[in-house]
Each structure stands twice: as C-alpha cells, then as structure tokens.
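# sequence and predicted structure below; questions after.
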Amino acid sequence: MYMACDNPGITNIRKGILVPMIQKCYVVWVGRTPGIYETWDECKSEVVGFPEARCKGFSTLEQAEKALKDGWEKHWGKKDQKYKADIKYPDEIQKNSIVVDVSCSGPNGPMEYRGIGLKEKRIIFERGSFRVGTNNIGEFLAIVEAIRHIAKNGHYDTIYSDSQVAIGWVRNKTCKTTLERSEATKEIHAIIDEALEWLRKNKYSCKVIKWKTTQWGEIPADYGRK
RNA sequence: ACAU
DNA sequence: GAATGT
Ligand SMILES: [Mg+2]
Ligand SMILES: [Mg+2]
C-alpha cells in the first residue's frame, strides 16, 4: 500500500530505488462499460479493440471520479497531476537538508532553479525563469541561495547538489562559467557577482555535498523534464 | 573519464 | 543528438 505524498510533483522516480507513481484508478470514458477500474488489466479489457476508446490512469479515486464526470475531452492528451509514492531514503542521506536543482531549456537559457526541504518536501525557494543562464550557473546560484537561506534562518545543516561543477565553484568561491559578458548576459552576471561577493564576505557552517544520483536516483529537487 |  | 563544466 503506497502512501500519498501530500506535496506531489517534487519527488522523483528511479527504478529499484524509488517507488513508481501511484496510479491506482483507471477511468474508462469510452469503452465496453464506462466507469472506474482498479487495475490496468481490467481497464484494458474495457478498451482493447474498442473503436475510439478513451481511458486514463489517476492517482486517487477523487481525481478519477471528477475526471469521469468531466469527460475525456478535458483530460485526453493532458498531464494531470499524479501523486508520487512517498520515498524511504537510505540512512546515509542527511535528512536535515535542502536539495537544489536547475532546469535549463536551452544551452544558454531560459534557466530556473529551486531548493526543497528534503524532509518536509516543501519548496523553500524558486527563482527564474532567467532569460539567459547555463545549467552550471543555475546549479551554482541554487547552492548559494540555499547557503544564504540557512545562514539567515537556520533549520538545516546540509545542502545537496548533483552538480560537480557548482559544488566546486562554491568551494572555491569562484564562477568559471564560459558565458560571455555582454549586454545580453549582464543581468545574470550581476546576480552571479552578487552571489560571489556574499560568499567571500560571509561565513557559513552548513555542508555542501554531492547528491549521489547513480545510487539514490534523481535529486528530489529535479524538474523531471529530462 | 566524471558530473550535469 | 547538443551544450556546460572539472
Ligand atoms: Mg542537477
Ligand atoms: Mg535535474
């Protein structure tokens, strides 16, 4: 029996480590007998070989009941919010931590990043979208923002990032981005410069450590767009 | 090669 | 397939 996470959309799936998405209700709008089914097998037998059949999986009975009333037109081909299974992380992982990640649509942006409290699965900060920025710049700014959050508010003692590059930049208090300084990039560079200045002028005691993606699956702050 |  | 980085 899976427990529904009350903050869907910020946990991730990795076979063998994390549990798959909860999808326990299947709505059949157009099939042999329209209604709600508990398994894919049942659902399948309602729709296979049925012309123009319409069905879809949902996480909760409530969602499914609403979707059945809505009709398939409102849900077909759309991404409804799916609840993810709650996750048991390995003991090795520091639970009193903020996990961060970036999402970068193109090589130079748009870029956004966020930090999430691992234990509470709560979004602590979200920044962007920045018109220009690289993956590594976003990973870097995310870590610095998490450090500053902890320096100011306490509550956490560890930051996880999956970025070898950004962890290094933070450690060295330097940003070796290849993104040229130009009129088009001056905004993001100003933000980087301010972050570096804070790092160099302030002390902090939280640890910044590597999220071991190959062992633990995608970092829970991941945007799930890959 | 490693991490994104 | 491409780019950002050590
Ligand atoms: Mg990342
Ligand atoms: Mg990611």
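That came through fine. Numbers count the residues shown, from 1 in each chain, chains lettered A, B, ... in the order given. Ligands and ions are numbered 1, 2, ... in the order given.
# how far away is the residue of chain A most remote from its centre from A:Leu118?
Distance from the centre of chain A peaks at A:Arg32, with 37.9 Å (CA atoms, centre = their mean). Going from A:Arg32 to A:Leu118 by CB to CB, to the nearest Å gives 45 Å. C-beta: built from backbone N, CA, C; applies to glycine.
# quick check: closest non-adjacent residue to the residue farthest from the centre of chain A.
The shortest distance from A:Arg32 to any non-neighbouring residue, by CB to CB, 6 or more residues apart in numbering, is to A:Glu46 (5.1 Å).
# that neighbour reaches A:Tyr37, doesn't it?
Yes: between A:Glu46 and A:Tyr37 there is a contact at 6.7 Å, judged by CB atoms under 8 Å.
# in which helix or strand would I find the nearest residue to A:Ile36 once chain neighbours are set aside?
Distances taken as CB to CB, 6+ apart put A:Ala64 closest to A:Ile36, at 5.0 Å, once the chain neighbours are dropped. A:Ala64 belongs to helix A:61-70 when assigned by DSSP states H and E.
# distance from the chain centre to the helix or strand following that helix, please.
Downstream of helix A:61-70, the first helix or strand assigned by DSSP H and E is strand A:97-104. With CA atoms, centre = their mean, to the nearest Å as the basis, strand A:97-104 stands 8 Å off its chain's centre.
# residues contacting A:Tyr204?
A:Tyr204 makes contacts with A:Ile147, A:Ile150, A:Ala151, as judged by CB atoms under 8 Å, 6 or more residues apart in numbering.
# need the residues of chain A near RNA strand B, please.
Contact residues (CB under 7 Å from any atom of the strand) of chain A with RNA strand B: A:101-102, A:135-136, A:139, A:162-165, A:211, A:213-214, A:219.
# let's see 10 Å
By CB under 10 Å from any atom of the strand, the residues of chain A that approach RNA strand B are A:101-104, A:134-136, A:138-140, A:160-168, A:210-219, A:222-223, A:226.
# inside helices: which ones of these?
A:135-136, A:138-140, A:164-168, A:213-216 (DSSP state H).
# in ChimeraX, how would I select the buried members of these?
Filtering these down to the buried ones (16 or more other CB atoms under 10 Å) takes a single ChimeraX command:
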select /A:135,136,138,139,140,165,166,167,216
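# ok, now which ones touch the residue farthest from the centre of chain A?
The contact partners of A:Arg32, by CB under 8 Å, 6+ apart, come to A:Ser45, A:Glu46, A:Val47, A:Phe50.
# how about the last one, what does it touch?
The contact partners of A:Phe50, by CB under 8 Å, 6+ apart, come to A:Val30, A:Gly31, A:Arg32.
# out of the ones in helices among the residues of chain A next to RNA strand B, which one sits closest to A:Ser129?
Of all these, the one sitting nearest A:Ser129 is A:Gly138; the distance, using CB to CB, is 10.1 Å.
# and that closest one, what pLDDT?
Per-residue confidence (pLDDT) for A:Gly138: 98.
# what pairs with the spatially closest residue to it that is not a sequence neighbour across the strands?
Once flanking residues are discounted, A:Gly138 sits nearest to A:Val102: 3.1 Å by CB to CB, 6+ apart. Under the criterion DSSP bridges, A:Val102 forms beta bridges with A:Tyr113.
# doesn't A:Gly115 make contact with A:Val102?
No: shown here, A:Val102 and A:Gly115 do not form a contact pair, counting by CB under 8 Å, at 10.7 Å.
# which neighbours do those two share?
Contact criterion CB under 8 Å, 6+ apart; residues shared by A:Val102 and A:Gly115: A:Ala142.
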